[in-house]
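S.K.: Output the structure for:
(chains A and B)
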Protein chains: 2
Amino acid sequence: MTNARRYAPADLATFCIGVFESFGVPHADAETAADVLLFADLRGVDSHGVARMYAYHEMLSAGRINPTPSPSVVRGTPSTATVDGDNGLGLVVGPWANRLAMDKAEAVGSGWVSVCNTNHYGAAGWYVVEALARDLIGWSMTNSTKLVAPHRGAEKMLGTNPIAIAFPGHEEPPIEIDMATCAAAYGKVEIAKRAGGAIPEGWAIDAAGADTTDPGAMMAGGALLPLGSDEEHSGHKGYCLAVMVDVLCAVLSGANWGPFTPPFTLRLAEPERSVGRGIGHFFGALRIDGFVDPDEFKRQIDDLSRTLRATPPRPGHPAVEVPGDQERRARVERERDGVPLVDPVVADLRVVAEATGVALPEAIG
Amino acid sequence: MTNARRYAPADLATFCIGVFESFGVPHADAETAADVLLFADLRGVDSHGVARMYAYHEMLSAGRINPTPSPSVVRGTPSTATVDGDNGLGLVVGPWANRLAMDKAEAVGSGWVSVCNTNHYGAAGWYVVEALARDLIGWSMTNSTKLVAPHRGAEKMLGTNPIAIAFPGHEEPPIEIDMATCAAAYGKVEIAKRAGGAIPEGWAIDAAGADTTDPGAMMAGGALLPLGSDEEHSGHKGYCLAVMVDVLCAVLSGANWGPFTPPFTLRLAEPERSVGRGIGHFFGALRIDGFVDPDEFKRQIDDLSRTLRATPPRPGHPAVEVPGDQERRARVERERDGVPLVDPVVADLRVVAEATGVALPEAIG
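M.R.: The predicted structure is shown next:
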């Protein structure tokens, strides 16, 4: 395993805010962006947190992202809207559009906002947790640059296109769902490559479209497989979900979809054609009291969570959990011990620190 | 393989209408119910079509379903509602609630309806195809009696909880998604058992919670696995989706959820406790012109469909398709040649015909 050092969450947030501000991002926006990133780090979703600062820095340095966007509603109804994100940080445009969905829900029961001309928005789960505080059921999706093959296909055509949704409990913690629609995360393939190990069958194909257990073969022109993996295990279903997310985020908003979704790094070539503006997000909010008494809803969620946790586990398996339990455990541990950053990430952050003049904090362990 | 005979779709519809009417179901409702069933048969979803008439007959005979329900809105906002289905046929209550969601969408941009006190509603896909004719993006979900184990769990706790959504094209056919959230359909396990064959690993567990390739072991107290199957292939994601559907359909509406969802047959025991009324559905509708010009949207869907179909296929695999292509092929073939019904289904329908006095049509092939 790669070495890791621990950093205090507040120190990392201060660093991110400083870096964003060095590009002219307004302070309040920089704070929001840092909050979204730290949310991922604290919950153990390392690929979507501070590790991404290098990419944000790179895109801002190259003038590829607008540090002071003015998002606008380009079309709408009382419960829907399309937002043009003015090519801002997804970490700023996303929260803006998510608030609009929540405001619409408070007005007419539900709100649905599709966003174009935006960029990588962090962890999908941040947005739906925001909705919990307002007694709303939040939905969040985003498309992303191609990494996943369609079912039966030999080439990357779709992003990892995550879906998040959350439901509040009363005494129990909320049910928090945040899942990419592929069989395994790209980060796990990278980790296997660094460790010199193999990946399980069903995760990926090589550049020729053949099954592979070699992480390097996936990374050298291969593709991830959709959730379900293969013909026998319903890989078409993961493909369906990825297409659904792509349409709601990008076709509905006028963003780029499928293989034309721009990458969030300068290292990858731009897509061969443009079919819209930027990438796309989709946010939803449903007022719980538009359906049922919220207290009754939360008590039932408690009952459901307890019922699911009481399922006898399979032999040799840990206990059954409720979606969000694992991330909450990570949060407790990381708030106490700090966020671990592996050496390659620390090296990236040093580059960012030198380029921007914002000091990288000292590790605490 | 079991023998099958072909029946004319119109003859089967007439049979279904007659059976429903024999229980006092009003003619218009019986026509709707038959239309939902034949939709499944024509698209090759044999498990959700006329083959279910035995169960509907059984439940109606036992007085377990109200043949003349008066569905009502028990709570709502301009864009949301909870409907009490008055314990009617899901095939009647579902279309009623789906229309309400569509009407709300036309009024304020989107409509979301959660339904309690209802029963099996046929194929989830029927509802979202209805929305296409009104330039709406339709969503449809239902919960169902327990058949699927939670991730890491040794017992059935959740239904196969399908998700359907559809997007219209301009020159291309619509993208139509209709997928259960488990790794494989129960019907495929039954078919393997009848054929004396094995099922792939990753589909099911036995009564002790161990992996099994024996379809009989799954059927004798085992469970299906969620989409993703196991730890390595993200079985937790299929579990997340099943929980999401359960909450939206049942917790939100006040229906029974999880292991307490009543079975749609008299052969299975009633759940050990009741946490709501009947089963639950969830319908949504989004006005496309609430986001984007519908013609532009449809042209982009055409482009997306053509782009996906043009993906080079994996070696040894058929061409990449768009969700709905397979069902459309089945429909062309079955409208031409008739709906195949296997002998056990024909035997069931003969029982229904004798009990109700409604003549079973002659096979056409």
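S.K.: and the nearest residue to A:Asp103 once chain neighbours are set aside, how many residues sit next to it?
M.R.: In this structure, A:Asp103 finds its nearest non-sequential neighbour in A:Gly111, 6.7 Å apart by CB to CB, 6 or more residues apart in numbering or on different chains. (C-beta placed from N, C-alpha, C; glycine too.) A:Gly111 has 33 neighbours, counted by other CB atoms under 10 Å in any protein chain shown.
S.K.: Then A:Gly111 would be within a strand, right?
M.R.: Yes. Assignment of A:Gly111 by DSSP: H, G, I helix; E, B strand; the rest coil places it within a strand.
S.K.: thought it was touching A:Thr77?
M.R.: No. With contact defined as CB atoms under 8 Å, A:Gly111 and A:Thr77 do not form a contacting pair (10.2 Å).
S.K.: which parts of the stretch 1-150 of chain A sit against chain B?
M.R.: Neighbours of chain B within the stretch 1-150 of chain A, by CB under 8 Å from any CB of the partner chain: A:75-82, A:108-110, A:112, A:114, A:137, A:149-150.
S.K.: Sitting in helices, which of those residues do you find?
M.R.: Counting by DSSP state H, those place A:Val108 in helices.
S.K.: Residues in contact with stretch A:94-104: which ones?
M.R.: Residues outside stretch A:94-104 that contact it (CB atoms under 8 Å, 6 or more residues apart in numbering or on different chains) are A:32, A:36, A:71, A:73, A:78-81, A:83, A:85, A:110-113, A:115, A:118, A:121-122, A:127, A:130-131, A:134, A:136, A:138, A:140, A:142, A:281, A:283-285.
S.K.: Would you mark the buried spots in that stretch?
M.R.: By 16 or more other CB atoms under 10 Å in any protein chain shown, the buried positions in stretch A:94-104 come out as A:94-102, A:104.
S.K.: next one: stretch A:27-38
M.R.: A:29-38.
S.K.: For the stretch 51-200 of chain A, which segments count as helices?
M.R.: All helices of the stretch 51-200 of chain A, identified by DSSP state H, counting those that start in this stretch, fall at A:53-61, A:90-108, A:124-132, A:186-195.
S.K.: Quick check: A:Arg5 is in a helix.
M.R.: No. Assignment of A:Arg5 by three-state DSSP gives strand, placing it outside any helix.
S.K.: Am I right that it is in contact with A:Val339?
M.R.: No. Taking contacts as CB under 8 Å, A:Arg5 lies outside contact range of A:Val339: 9.6 Å.
S.K.: Please say which of the two ends up with more neighbours.
M.R.: A:Val339 (26 against 16).
S.K.: need the contact list for the closest residue to that one other than its chain neighbours.
M.R.: Spatial nearest neighbour of A:Val339, excluding adjacent residues (CB to CB, 6+ apart): A:Asp41 at 4.5 Å. A:Asp41 makes contact with A:9, A:12, A:49-50, A:334, A:339 under the criterion CB under 8 Å, 6+ apart.
S.K.: of all these, which two lie farthest apart?
M.R.: A:Val50 and A:Arg334 (11.7 Å; CB to CB).
S.K.: tell me which of the buried residues of stretch A:27-38 is nearest to chain B?
M.R.: A:Val36 (21.0 Å; CB to the nearest CB).
S.K.: That closest one and A:Asp11, how far apart?
M.R.: As judged by CB to CB, to the nearest Å, A:Val36 and A:Asp11 stand 17 Å apart.
S.K.: can you list contacts of the helix or strand containing A:Glu335?
M.R.: Using DSSP states H and E, A:Glu335 sits within helix A:325-337. With contact meaning CB under 8 Å, 6+ apart, helix A:325-337 is reached by A:6, A:9, A:41-45, A:125, A:173, A:176, A:178, A:340, A:365.
S.K.: Any of those residues buried? List them.
M.R.: Of these, these count as buried by 16+ other CB under 10 Å: A:9, A:41-45, A:125, A:176, A:178, A:340.
S.K.: mind putting those residues in JSON lines, pLDDT included?
M.R.: Output for the buried ones among the contacts of helix A:325-337, formatted as JSON lines (pLDDT from 0 to 100):
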{"residue": "A:Pro9", "pLDDT": "98"}
{"residue": "A:Asp41", "pLDDT": "97"}
{"residue": "A:Leu42", "pLDDT": "97"}
{"residue": "A:Arg43", "pLDDT": "97"}
{"residue": "A:Gly44", "pLDDT": "94"}
{"residue": "A:Val45", "pLDDT": "91"}
{"residue": "A:Gly125", "pLDDT": "98"}
{"residue": "A:Glu176", "pLDDT": "98"}
{"residue": "A:Asp178", "pLDDT": "98"}
{"residue": "A:Pro340", "pLDDT": "96"}
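S.K.: Which of those residues sits closest to chain B?
M.R.: Of all those, chain B sits closest to A:Asp178, with 8.4 Å by CB to the nearest CB.
S.K.: give me the low-pLDDT residue ranges for chain A?
M.R.: Low-confidence segments of chain A (pLDDT under 70): A:1-2.
S.K.: I'd like to check which residues are in contact with the residue nearest the centre of it.
M.R.: Of all residues in chain A, the one closest to the mean position by CA atoms, centre = their mean is A:Ala123, 2.9 Å from it. If you count contacts by CB under 8 Å, 6+ apart, A:Ala123 has them with A:36, A:39-40, A:43, A:45, A:48-49, A:164, A:178.
S.K.: Swap in 10 Å and give it another go.
M.R.: Contact analysis of A:Ala123 by CB atoms under 10 Å, 6 or more residues apart in numbering or on different chains lists A:36-37, A:39-41, A:43, A:45, A:47-49, A:129, A:140, A:142, A:162, A:164, A:178, A:327.
S.K.: count of neighbours near the residue nearest to A:Leu266 when sequence neighbours are not counted?
M.R.: Distances taken as CB to CB, 6+ apart place A:Glu58 nearest to A:Leu266, at 5.4 Å, with adjacent residues excluded. Burial of A:Glu58 is recorded as 19 neighbouring residues (other CB under 10 Å).
S.K.: so A:Pro150 sits right up against A:Gly159, yeah?
M.R.: No. If you go by CB atoms under 10 Å, A:Pro150 and A:Gly159 don't touch, sitting 11.8 Å apart.
S.K.: Just the element for the nearest residue to A:Ala34 once chain neighbours are set aside, please.
M.R.: With CB to CB, 6+ apart as the criterion, A:Ala34 has its nearest non-adjacent residue at 3.9 Å, and that residue is A:Cys16. Secondary structure assignment for A:Cys16, by DSSP H and E: helix A:9-22.
S.K.: give the contact list for the residue of chain A positioned farthest from its centre.
M.R.: Residue farthest from the centre of chain A, counting by CA atoms, centre = their mean, is A:Pro315 at 32.6 Å. If a contact means CB under 10 Å, 6+ apart, then A:Pro315 has B:154, B:205, B:208-211 as its contacts.
S.K.: ok, now with 8 Å
M.R.: Contacts for A:Pro315 were tallied using CB under 8 Å, 6+ apart; they are B:154, B:208-210.
S.K.: which among those are in contact with chain A?
M.R.: For chain A, the contacts drawn from the contacts of A:Pro315 by CB under 8 Å from any CB are B:154, B:208-210.
S.K.: Going along the chain, name the strands of chain A.
M.R.: Here chain A has its strands, by DSSP state E, at A:4-7, A:72-77, A:80-84, A:110-118, A:136-142, A:163-167, A:175-179, A:204-205, A:211-212, A:223-224, A:279-287, A:339-342.
S.K.: right, so of those, which gets closest to A:His233?
M.R.: Nearest of those to A:His233, taken as CB to CB: strand A:211-212 at 12.8 Å.
S.K.: the domain parsing of chain A - what is it?
M.R.: A:1-68+A:325-365, A:70-183+A:225-309 (automatic domain parsing).
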